[in-house]
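S.K.: need the 3D shape of this:
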Amino acid sequence: MGLTGGIGAGKSTVSTGLRDRGAVIVDADAITKELQQPGTEVFAAIVAHFGDRVLAADGTLDRQAIADIVFNDPEELKVLNGIVHPAVGIEIFRRIQEQTGTDNVVVLDIPLLRKDGPYKVSGTLVVDTPVETAVQRLVDFRAMDEADARARIANQITREERLEMADFVVDNGGTEADLDAEIERAWAWIQTLPDWTPPEPPVTPAP
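M.R.: From the prediction side, this is the model:
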């Protein structure tokens, strides 16, 4: 299954709810963080391009410093994506292959999931939240500056574009109880889908 949603939409909460119901989650954001640890090729390439200004005092990557650069400069964002996305794609395919032959529901939790992307899925779940609600949640719960929150949302595909790719929409415009009911509805829908045939992984997955 594909799972996507804009920043602040509540995708991580839905991912956790699906995990609690038995799904195996392949989390692109978590994989990205793993591959950006000191000592990795991705870490070295990022520092080689951006310099010490993206390093925290403990020698790890300062993710906020990187965000401040790339979300205000499309060319720098393109460079960062060119470094990170291929490596993340290879690791995602490796984890998918690990589940081949099992009866597990595998959920690809990918913020930038695309219909024309390299991942063949049985269906795509889109977590939907009004933009203003997402902004408020980012400010209230992630302590983000409002301008930063809006810049990050603006650098993603639009809400309308995301909804167009949805096979199933998880509405997160209500309460926590409402969302849990939506997750249960999504889980029931997943059980109705046909068996999935894994694709061959590309040598270098597209960003």
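S.K.: every contact and neighbour count from this point should use C-alpha atoms.
M.R.: OK.
S.K.: break this protein into its domains for me.
M.R.: Recorded structural domains for the chain (assignment: automatic domain parsing) are 1-23+105-195, 36-103.
S.K.: quick one: what helix or strand has the closest residue to T32 other than its chain neighbours in it?
M.R.: With sequence-adjacent residues excluded and distances taken as C-alpha to C-alpha, 6 or more residues apart in numbering, T32 is closest to V88, at 6.1 Å. For V88, the host element (DSSP states H and E) is helix 74-98.
S.K.: again, but for V47
M.R.: With DSSP H and E as criterion, V47 is part of helix 41-50.
S.K.: any idea how far that helix is from the middle of the chain?
M.R.: Offset of helix 41-50 from its chain centre (C-alpha atoms, centre = their mean, to the nearest Å): 21 Å.
S.K.: what mean pLDDT does that helix get?
M.R.: Averaged across helix 41-50, the pLDDT comes to 97.
S.K.: try stretch 27-34
M.R.: 94.
S.K.: about what we covered before: give me whichever of the domains of the chain is most buried.
M.R.: Among these, the stretch with the highest mean neighbour count (mean count of other C-alpha atoms under 10 Å) is domain 1-23+105-195, at a mean of 17.
S.K.: ends of stretch 25-41, how far apart?
M.R.: Start and end residues of stretch 25-41 are separated by 24 Å (C-alpha to C-alpha, to the nearest Å).
S.K.: may I ask which helix or strand of this structure has the lowest mean pLDDT?
M.R.: Across the helices and strands of the chain, mean confidence by mean pLDDT, DSSP states H and E is lowest for helix 146-154: a mean of 87.
S.K.: could you list every helix and strand that the following helix or strand past it packs against?
M.R.: Per DSSP H and E, the first helix or strand lying C-terminal to helix 146-154 is helix 159-164. Applying 3 or more C-alpha pairs under 8 Å, 6 or more residues apart in numbering; DSSP states H and E, we find helix 159-164 packed against strand 124-128.
S.K.: partner strands of the strand it packs on, with direction?
M.R.: Sheet pairing of strand 124-128 (DSSP bridges) gives strand 2-5 (parallel), strand 168-171 (parallel).
S.K.: can I get those in a markdown table with distance to V139 and mean pLDDT?
M.R.: Output for the strands paired with strand 124-128, formatted as a markdown table (distance: least, C-alpha to C-alpha, whole Å; pLDDT from 0 to 100):
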| stretch | distance to V139 | mean pLDDT |
| --- | --- | --- |
| strand 2-5 | 17 | 94 |
| strand 168-171 | 20 | 96 |
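S.K.: for these, give me JSON lines that also has distance to Q36.
M.R.: JSON lines is the format used below for these (distance: least, C-alpha to C-alpha, whole Å):
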{"stretch": "strand 2-5", "distance to Q36": "22"}
{"stretch": "strand 168-171", "distance to Q36": "30"}
